[in-house]
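**Q** Predicted model follows, preceded by the sequence.
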Amino acid sequence: MAHQDTRRFLKLASALVAGLALAACGKQTPPPAAEAASAPPSAPVAAPVKVVTVGTDAAYAPFEFQNEKAEIVGFSVDLLTAVAEKGGFQVKFVNTPWEGIFNALGQGDRDMLISSITITDERKQTMDFSDPYFDAAQLIAVKETSKVAKFADLKKLKVGVQTGTTGDETVTKLLGKTSTSVKRFESTPLALKELEAGGVDAVVADNGVVIHYVANNPGSKFKTVSDTSFAPEQYGMAVKKGNAELLAMINKGLSAVKADGTYAAIYKKTFGTEPAAAAAPASAASN
Ligand code: ARG
């Protein structure tokens, strides 16, 4: 019966290894050991569905924000929900202020982040990113009456940004590290409110969010100003450095939703247009 013993041992060992591997990438309930060990050799072992805790700063419409019922909704939520379904995990979104979001990931309070996070070399040193899922760039918001026509015009002005964002970095570079003209806010909507109130002369933030705000707040009387000097940015989902298991599940789900048209459908639902990569010529676009 040496053969049977070896088989039982191998089965137990692989169940254990699988459980350990999953435990390493998030909270989950391992199958009871006794059950796994007594299952007939041919029975598929039901994979435990892992619940991944997702941090997001839900003050960033149309990507992540709270609806009237205080539910976290938006492009990122739709996308990650679809990604998780294909990747074989479950998600639980937790509103997490931007200023503490990377710490929450590093300390293990969140298993992953989706928060319109630009993939940067600096951030890559402390976290791992999924494949990119969205192209972005900075965009300037000013009052309709403003004379600002390009980024360099902001040099002598007060500029609002969300603390610690790529918008903050971009403006800090232009105005200087010690400049008191960079006004930092906890959220991008707060910076935009201050623009309306006249406390700052411009706001620099991600284009999708600025465009959405300007379109949905006609009373603010803002316009947008773009500048070719703004570097292209790409959003990625972040996991704790070294969490290769979860990252693989995310990337697997992401490529599946890109391939089967789900990504394009969510994009169109959010922005009303096809994603750029698959875009038809403007003249042929019909919605
Ligand atoms: N893309 C910018 C960055 O990574 C801003 C992201 C802000 N996201 C948010 N949910 N507040 O710095």
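**A** All right, it came through fine.
**Q** from here on, contacts and neighbour counts on C-alpha atoms
**A** Will do.
**Q** who touches K173 in this structure?
**A** If you count contacts by C-alpha atoms under 8 Å, 6 or more residues apart in numbering, K173 has none.
**Q** Could I get the pLDDT score of it?
**A** The model reports K173 with a pLDDT of 97.
**Q** In terms of pLDDT, where does the residue of the chain found nearest the ligand sit?
**A** Nearest to the ligand, among the residues of the chain, is T165, at 3.2 Å (C-alpha to the nearest ligand atom). With respect to pLDDT, T165 has a value of 98.
**Q** now swap in the one 4 residues further on and tell me
**A** At E169 the predicted local confidence, pLDDT, stands at 98.
**Q** just checking, next helix/strand downstream of the strand or helix carrying it?
**A** Secondary structure here is read from DSSP states H and E; on that basis E169 sits in helix 166-175. The helix or strand immediately downstream of helix 166-175 is strand 182-185, counting by DSSP H and E.
**Q** Please list the residues of the stretch 51-200 of the chain that sit near the ligand.
**A** Proximity of the stretch 51-200 of the chain to the ligand is assessed by C-alpha under 6 Å from any ligand atom, with D57, A58, A59, Y60, W98, S115, S116, I117, T118, T165, T166 identified as the residues in range.
**Q** quick one on the thing from earlier: now do the buried residues in the helix holding E169.
**A** If you call a residue buried by 16 or more other C-alpha atoms under 10 Å, then helix 166-175 has these buried ones: T166, G167, D168, T170, V171, T172, L175.
**Q** Distance check, the last one against I114.
**A** Okay, so that is L175. Taking C-alpha to C-alpha, to the nearest Å as the measure, L175 falls 29 Å from I114.
**Q** Please apply the same query to the first one.
**A** In this view, T166 and I114 are 15 Å apart by C-alpha to C-alpha.
**Q** Check the second one too.
**A** Counting by C-alpha to C-alpha, the gap between G167 and I114 amounts to 18 Å.
**Q** List phi and psi for G55.
**A** Backbone dihedrals for G55, given as degrees, to the nearest 10, come out at phi -90, psi 140.
**Q** Fine, thanks again, bye for now.
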